[in-house]
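Enquirer: A predicted structure for the sequence below; I have some questions about it.
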Amino acid sequence: MTRADDMHTSPMTMDSYVHRARLRDMLVAYANGEERAMELVARLFTNGRSQAVRIPAPFRFEGDSVYVRRDEATGDVILSQRPSDWSGLFAALDGLDVPDGFLQAPADLPPADVL
(Lines give C-alpha, C1' and ligand atoms only; values in the text may rest on other atoms or scores of the structure.)
Protein backbone atom coordinates (compact mmCIF):
# COMPACT_ATOMS: atom_id res chain seq x y z
CA MET A 1 0.00 0.00 0.00
CA THR A 2 1.41 3.40 -0.92
CA ARG A 3 1.41 6.37 1.37
CA ALA A 4 -1.27 8.03 -0.79
CA ASP A 5 -3.51 4.96 -0.42
CA ASP A 6 -2.95 5.00 3.33
CA MET A 7 -4.02 8.66 3.53
CA HIS A 8 -7.33 7.87 1.84
CA THR A 9 -8.16 4.87 4.01
CA SER A 10 -7.09 6.22 7.40
CA PRO A 11 -9.82 7.98 9.39
CA MET A 12 -9.62 11.78 9.28
CA THR A 13 -9.10 13.49 12.58
CA MET A 14 -11.04 16.65 13.32
CA ASP A 15 -7.79 18.61 12.96
CA SER A 16 -7.09 17.25 9.48
CA TYR A 17 -10.71 17.82 8.47
CA VAL A 18 -10.52 21.47 9.57
CA HIS A 19 -7.19 21.95 7.76
CA ARG A 20 -8.57 20.41 4.56
CA ALA A 21 -11.71 22.55 4.72
CA ARG A 22 -9.62 25.67 5.31
CA LEU A 23 -7.32 24.79 2.41
CA ARG A 24 -10.34 24.21 0.17
CA ASP A 25 -11.79 27.59 1.18
CA MET A 26 -8.47 29.32 0.53
CA LEU A 27 -8.16 27.71 -2.92
CA VAL A 28 -11.71 28.73 -3.84
CA ALA A 29 -11.03 32.27 -2.59
CA TYR A 30 -7.81 32.39 -4.61
CA ALA A 31 -9.63 31.20 -7.73
CA ASN A 32 -12.21 33.96 -7.18
CA GLY A 33 -9.48 36.60 -6.73
CA GLU A 34 -10.30 37.28 -3.08
CA GLU A 35 -7.66 38.78 -0.77
CA ARG A 36 -8.39 36.34 2.05
CA ALA A 37 -6.72 33.60 0.01
CA MET A 38 -3.40 34.88 1.33
CA GLU A 39 -4.19 34.32 5.03
CA LEU A 40 -1.36 33.13 7.23
CA VAL A 41 -1.62 31.05 10.37
CA ALA A 42 -0.57 32.61 13.68
CA ARG A 43 0.44 30.46 16.65
CA LEU A 44 -1.31 30.75 20.00
CA PHE A 45 0.47 30.29 23.28
CA THR A 46 -0.15 30.84 26.96
CA ASN A 47 1.81 33.35 28.98
CA GLY A 48 0.80 33.04 32.63
CA ARG A 49 -3.00 33.29 32.68
CA SER A 50 -3.15 35.14 29.36
CA GLN A 51 -3.41 33.82 25.83
CA ALA A 52 -1.08 35.42 23.30
CA VAL A 53 -0.75 35.32 19.53
CA ARG A 54 2.60 35.15 17.75
CA ILE A 55 1.91 37.43 14.80
CA PRO A 56 3.71 36.63 11.51
CA ALA A 57 6.30 39.25 10.48
CA PRO A 58 4.24 40.83 7.65
CA PHE A 59 1.52 41.72 10.19
CA ARG A 60 3.62 43.07 13.06
CA PHE A 61 2.62 46.33 14.74
CA GLU A 62 4.73 49.28 15.82
CA GLY A 63 4.59 50.19 19.51
CA ASP A 64 3.73 48.16 22.58
CA SER A 65 -0.09 47.97 22.46
CA VAL A 66 -2.98 47.64 19.98
CA TYR A 67 -6.73 48.09 20.04
CA VAL A 68 -8.70 44.82 20.33
CA ARG A 69 -12.35 44.31 19.38
CA ARG A 70 -14.62 41.46 18.36
CA ASP A 71 -16.73 41.58 15.21
CA GLU A 72 -20.19 40.69 16.49
CA ALA A 73 -21.32 39.28 13.14
CA THR A 74 -18.42 36.84 12.65
CA GLY A 75 -16.90 36.51 16.12
CA ASP A 76 -13.49 37.42 14.66
CA VAL A 77 -11.04 39.17 16.94
CA ILE A 78 -9.63 42.28 15.26
CA LEU A 79 -6.39 43.99 16.23
CA SER A 80 -5.87 47.61 15.11
CA GLN A 81 -2.85 49.89 15.26
CA ARG A 82 -3.07 52.59 17.92
CA PRO A 83 -2.10 56.03 16.68
CA SER A 84 1.14 57.38 18.15
CA ASP A 85 -0.64 60.71 18.71
CA TRP A 86 -3.99 62.29 17.96
CA SER A 87 -2.72 65.27 15.91
CA GLY A 88 -4.23 63.84 12.70
CA LEU A 89 -7.68 63.64 14.30
CA PHE A 90 -7.47 67.18 15.68
CA ALA A 91 -6.29 68.50 12.29
CA ALA A 92 -9.29 66.82 10.61
CA LEU A 93 -11.67 68.26 13.20
CA ASP A 94 -10.26 71.76 12.70
CA GLY A 95 -11.36 71.63 9.06
CA LEU A 96 -14.99 70.79 9.91
CA ASP A 97 -17.76 73.40 10.00
CA VAL A 98 -19.56 72.38 13.22
CA PRO A 99 -22.43 74.58 14.48
CA ASP A 100 -21.82 76.21 17.89
CA GLY A 101 -24.64 74.38 19.70
CA PHE A 102 -23.92 70.99 18.15
CA LEU A 103 -23.44 69.15 21.48
CA GLN A 104 -26.14 70.98 23.44
CA ALA A 105 -29.44 69.25 24.16
CA PRO A 106 -32.53 70.96 22.70
CA ALA A 107 -34.31 73.21 25.21
CA ASP A 108 -37.64 71.43 24.72
CA LEU A 109 -36.21 67.98 25.50
CA PRO A 110 -37.83 66.44 28.62
CA PRO A 111 -35.41 65.66 31.48
CA ALA A 112 -33.97 62.16 31.56
CA ASP A 113 -35.21 59.84 34.29
CA VAL A 114 -32.76 59.58 37.14
CA LEU A 115 -32.09 56.02 38.26
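Expert: Ah, there it is.
Enquirer: Okay, and the beta partners of the spatially most central residue of the chain?
Expert: For the chain, I78 is the residue whose C-alpha lies nearest the centre (CA atoms, centre = their mean; 2.2 Å). Bridge pairing for I78 (DSSP bridges) gives the partners R69.
Enquirer: Distance of it relative to L93?
Expert: Counting by CB to CB, to the nearest Å, the separation of I78 from L93 is 25 Å. The way it works is simple: take the backbone N, C-alpha and C, and place the C-beta from them, glycine included.
Enquirer: again, but for E62
Expert: Distance of E62 to L93, computed by CB to CB: 24 Å.
Enquirer: Next: L79.
Expert: As judged by CB to CB, L79 and L93 stand 26 Å apart.
Enquirer: Break down this protein into its helices, ranges please.
Expert: 3-9, 14-31, 87-94 (DSSP state H).
Enquirer: Quick check: pLDDT value at the closest residue to R43 other than its chain neighbours.
Expert: With sequence-adjacent residues excluded and distances taken as CB to CB, 6 or more residues apart in numbering, R43 is closest to R54, at 4.4 Å. pLDDT for R54: 89.
Enquirer: what do you get for V77?
Expert: V77 is given a pLDDT of 91.
Enquirer: For it, grab the count of nearby residues.
Expert: Counted with other CB atoms under 10 Å, residues neighbouring V77 total 10.
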